[in-house]
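**Q** can't give you the sequence, but here's the structure:
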């Protein structure tokens with residue numbers, strides 16, 4: 001079973017995903033890291049050179065590939081991965097999707113000094129986060145089996161909340 005994490009940039013998908021995989025004794029994959037390894041340079045550079053549409057094409061191909069292997073374990077996706085209907089469908093149909101829901105204000109506090117997120121390199125990153133939230137929240141919800149409010153809990157508490165949800169769902173059994 002693949003457990004995919006979706007959410008806005010900075011919602012904790014990679015950090016929570018690594019801890020969740022360790023806790024569940026499953027492999028961890030970050031789709032953005034897979035993309036960067038294949039490109040040989042950063043997503044930000046690719047965005048600047050090729051544009052968002054070409055990046056989304058590449059991202060869709062990688063998500064399709066990564067979600068076909070049920071041994072993949074825990075998958076952290078890029079914040080915009082849900083923009084394509086085929087990504088939402090593949091993520092939802094090929095595993096369990098956990099939406100790490102964070103408010104734009106909370107994300108702004110976390111990301112205000114981050115220079116590596118291409119979509120936030122604008123004059124008003126908080127307004128940009130609010131716009132992204134308005135567009136993407138319904139798409140995350142469409143893809144998700146579970147929504148976890150990130151708020152202020154620790155990473156360990158978020159992992160516990162996710163594990164409880166997937167155990168209750170019956171999609172994962174704790175290793176003996």
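**A** In hand now; what should we look at? These numbers were taken from a predicted model, which means no experiment stands behind them.
**Q** all the strands of this protein, residue numbers only.
**A** Secondary structure of the chain, counting by DSSP state E: strands at 2-6, 28-30, 74-76, 95-101, 146-149.
**Q** avg pLDDT for the second one?
**A** This means strand 28-30. Per-residue pLDDT over strand 28-30 has a mean of 97.
**Q** what's the spacing between residue 159 and residue 8?
**A** 19 Å (C-beta to C-beta, to the nearest Å). Yep, even glycine has a C-beta here, placed from its N, CA and C like the rest.
**Q** can you find the helix or strand in this structure with the smallest mean pLDDT?
**A** helix 104-111 (a mean of 88; mean pLDDT, DSSP states H and E).
**Q** any low-confidence regions in this structure?
**A** For the chain, the stretches flagged by pLDDT under 70 are 116-119, 176.
**Q** give me the helices and strands touching whichever helix in it runs longest, please.
**A** Ranked by residue count under DSSP state H, the longest helix found in the chain is helix 125-143. Under the contact criterion of 3 or more C-beta pairs under 8 Å, 6 or more residues apart in numbering; DSSP states H and E, helix 125-143 touches helix 85-93, strand 95-101, helix 104-111.
**Q** any buried residues in the longest one, and which?
**A** Read that as helix 85-93. For helix 85-93, a neighbour-count test (16 or more other C-beta atoms under 10 Å) marks 87, 88, 90, 91, 92 as buried.
**Q** and of the residues you listed, the nearest to residue 152?
**A** Nearest to residue 152 out of the buried residues of helix 85-93 is residue 91 (C-beta to C-beta; 26.7 Å).
**Q** wait, that closest one sits on residue 63?
**A** Yes. Contact criterion C-beta atoms under 8 Å: residue 91 and residue 63 qualify, at 6.9 Å.
**Q** touching both of those two, which residues are there?
**A** Common contacts of residue 91 and residue 63, defined by C-beta atoms under 8 Å, 6 or more residues apart in numbering, comprise 77, 81.
**Q** let's have the buried residues of helix 85-93 in JSON lines, adding distance to residue 98.
**A** What follows is those, written out as JSON lines (distance: C-beta to C-beta, whole Å):
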{"residue": "87", "distance to residue 98": "15"}
{"residue": "88", "distance to residue 98": "14"}
{"residue": "90", "distance to residue 98": "15"}
{"residue": "91", "distance to residue 98": "10"}
{"residue": "92", "distance to residue 98": "11"}
